[in-house]
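Peer 1: When you get a sec, could you give me coordinates for this:
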Amino acid sequence: MAKVIMIQGTMSGVGKSLLTAGLCRIMKRDGYRVAPFKSQNMALNSFVTKEGLEMGRAQVMQAEAAGIAPLVCMNPILLKPTNHTGSQVIVNGQVLGNMSAREYFAYKRNLIPDIKRAFQKLEEVADIIVIEGAGSPAEINLRENDIVNMGLAEIVDAPVLLAGDIDRGGVFAQLLGTLMLLTETERKRVKGLIINKFRGDSSLLDSGIEILEKKGGIPVAGIVPYMDIQLEDEDSLTERFNKKERGKIDIAVIRYPRISNFTDFNVFEQIPEVSVRYVASAAELGYPDMIFLPGSKNTMSDLDWMRENGLEAAVKEIAEMIPVCGICGGYQMMGEQISDPEGMENGGTMKGMGLLPVKTWLKHEKVRRQVHGTVNEMEGFFSVLSGLEFDGYEIHMGNSVDQTQSFLPEAAFVTGRNENVCGTYIHGIFDRAAVATALVAALADNKGLSVESGACIDYKDFKEKQYDTLADILSEYLNMEEIYGMLRESHIR
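Peer 2: Have a look, this model is predicted:
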């Protein structure tokens, strides 16, 4: 049986995902077969495995750090919010249905057998499993029926590292307050504390650490500095949406309320002199060099939102002058019509933006598949992408048809009468260096600029370097001898 260790946090956003990824990379480099696990993830950024199953991207990132292919058993339950009070519930990579928060709270213990089976399957391929919790174990109103924090730690008999975020302030209160609200049995599971995102001279913390360890009765296993690591973060807490500076090449991404899979644009953030701004109003939009309409978990509601705040009109006007590309839900919005006969979103039929000769019917069945191929021949601005190889994946409800009501042929992109616009169902299509380079070079050429040769690197290669940097930092600032000791002491189930 695999040895296990679990990262829990004092609250959301303390860095659990990165700490989990970093431990996975350290243990991989130390020669172990290691895998990540999160029993329940709430996220709109998701991925499709080679088997056509859907899982959260955070566990995909952690699997990459561990050097193994993503498996849906790493994230058996994925919640994708559809509104403020409900989510689409995905179990073992397939849609179970939509539930309100109250319905799911009452139902979730029924999923414990699925969690156990997923964990046992993961044990078949791993020596060590690094588990990530969610939110905080001290959310006492959610303790009943917990399946993702201390409830899961009990199910798999995992020792726990508890992380706090000093960058937000009050880290000693975070850690001690969390320990105080745990039951005695739960506190015994906590074997070490981590102070994360520290800036400055750590010796200034010495007196506080002494009091923390005395009052908490648990050793501090590391003081981790604030890290400038460019990896995927939890979509609900990302700081990417706050970046408003404009580079010489300015890319704007429409940030509607149910934006999903905005990881499609991370590759452009790594290119010098290119900025990626997430905009939520016509005033913020201004006149960028290119606009992306990203994926959406509720295409019809998000198009209504664009319509009401003036963004639809602004995008349609500027599309006469600059390139606009829609991906997945954004692609559906750019068509002529969206119909929802089965009530998957809002029901009924609504007019699209009219930028692409496409009509979409939303259906209960979800399309989930990985895609590999070459970009189809295109004209106008996007002709620079024609014939380039790409890798990606599709996740969408329903299908799109052309004006003859025939399903559109398999093609990377669909273009409109305006040669500045195109759409695609394929996520990750820009991750290959050649595709990103060609697009940025064309944008630069439009402005009379040039892109430095080799400025665009393959996004996969970039992430590998980031995982190694993350592991280097954590190896220096975490007491790995203590952490390996926790693993050696963990029980065999």
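
Peer 1: Can you list the residue ranges for helices in the stretch 51-200 of the chain?
Peer 2: Ranges of helices in the stretch 51-200 of the chain, per DSSP state H, counting those that start in this stretch, are 57-66, 101-107, 112-123, 150-156, 171-181, 184-189.

Peer 1: Out of those helices, which is the most enclosed?
Peer 2: For the helices of the stretch 51-200 of the chain, the largest average neighbour count (mean count of other CB atoms under 10 Å) is found in helix 57-66, namely a mean of 26. Bear in mind the C-beta positions are built from the backbone N, C-alpha and C, glycine included.

Peer 1: Let me see the mean pLDDT of it.
Peer 2: Across helix 57-66, the average pLDDT comes to 96.

Peer 1: What is that helix packed up against?
Peer 2: Applying 3 or more CB pairs under 8 Å, 6 or more residues apart in numbering; DSSP states H and E, we find helix 57-66 packed against helix 16-29, strand 34-37, strand 46-48, strand 128-132, helix 459-477.

Peer 1: Please work out which residues outside it touch it.
Peer 2: Contact with helix 57-66 is made by 17, 20-22, 24-25, 27-28, 34-38, 41, 43, 45-47, 69-71, 74-75, 130, 132, 231-232, 234-235, 261, 263, 463-464, 467, 470-471, as judged by CB atoms under 8 Å, 6 or more residues apart in numbering.

Peer 1: Repeat that for stretch 368-375.
Peer 2: Outside stretch 368-375, the residues that reach it (CB under 8 Å, 6+ apart) are 48-50, 52-54, 93, 385-395, 410, 412-413, 426, 435.

Peer 1: and Tyr256, which of the helices of the stretch 51-200 of the chain is closest to it?
Peer 2: Smallest distance to Tyr256 across the helices of the stretch 51-200 of the chain (CB to CB): 18.7 Å, for helix 57-66.

Peer 1: I'd like to check the angle between that closest one and helix 459-477, please.
Peer 2: 80 degrees (axes from the mean of the first three to the mean of the last three CA atoms, to 10 degrees).

Peer 1: Distance check, Ala314 against Asp264.
Peer 2: Applying CB to CB, to the nearest Å, the value for Ala314 to Asp264 is 21 Å.

Peer 1: which stretches of the stretch 151-300 of the chain form strands?
Peer 2: With DSSP state E, counting those that start in this stretch, the ranges of strands along the stretch 151-300 of the chain come out as 160-165, 190-198, 220-225, 249-254, 259-260, 274-279, 290-293, 295-296.

Peer 1: Identify, out of the ones you listed, the most deeply packed stretch.
Peer 2: Sort the strands of the stretch 151-300 of the chain by mean neighbour count, taking mean count of other CB under 10 Å, and strand 295-296 sits at the top with a mean of 28.

Peer 1: who does it touch, helix- and strand-wise?
Peer 2: Applying 3+ CB pairs under 8 Å, 6+ apart, we find strand 295-296 packed against strand 259-260, helix 329-333.

Peer 1: Please name every helix or strand in contact with the shortest one.
Peer 2: Strand 259-260 sits against strand 295-296, with contacts defined as 3+ CB pairs under 8 Å, 6+ apart.

Peer 1: mean confidence score for the strand it packs on?
Peer 2: Computed over strand 295-296, the average pLDDT equals 95.

Peer 1: Tell me how far that strand lies from the chain's centre.
Peer 2: With CA atoms, centre = their mean, to the nearest Å as the basis, strand 295-296 stands 13 Å off its chain's centre.

Peer 1: Tell me which strands that strand pairs with, and in which orientation.
Peer 2: strand 259-260 (antiparallel) (DSSP bridges).

Peer 1: on that earlier part again, of all the strands of the stretch 151-300 of the chain, which one is nearest Leu439?
Peer 2: Closest approach to Leu439 among these (CB to CB): strand 290-293, 8.0 Å.

Peer 1: Given the closest one, what are its sheet partners and their directions?
Peer 2: Its sheet considered, strand 290-293 pairs with strand 249-254 (parallel), strand 324-327 (parallel) by DSSP bridges.

Peer 1: Tell me who's in contact with Ser386.
Peer 2: Val375, Asn376, Glu377, Met378.

Peer 1: Disregarding residues adjacent in the polypeptide, which is nearest to it?
Peer 2: Spatial nearest neighbour of Ser386, excluding adjacent residues (CB to CB, 6 or more residues apart in numbering): Glu377 at 4.8 Å.

Peer 1: list the contacts for that neighbour?
Peer 2: Contact partners of Glu377, counting by CB under 8 Å, 6+ apart, are Ser383, Ser386, Gly387.
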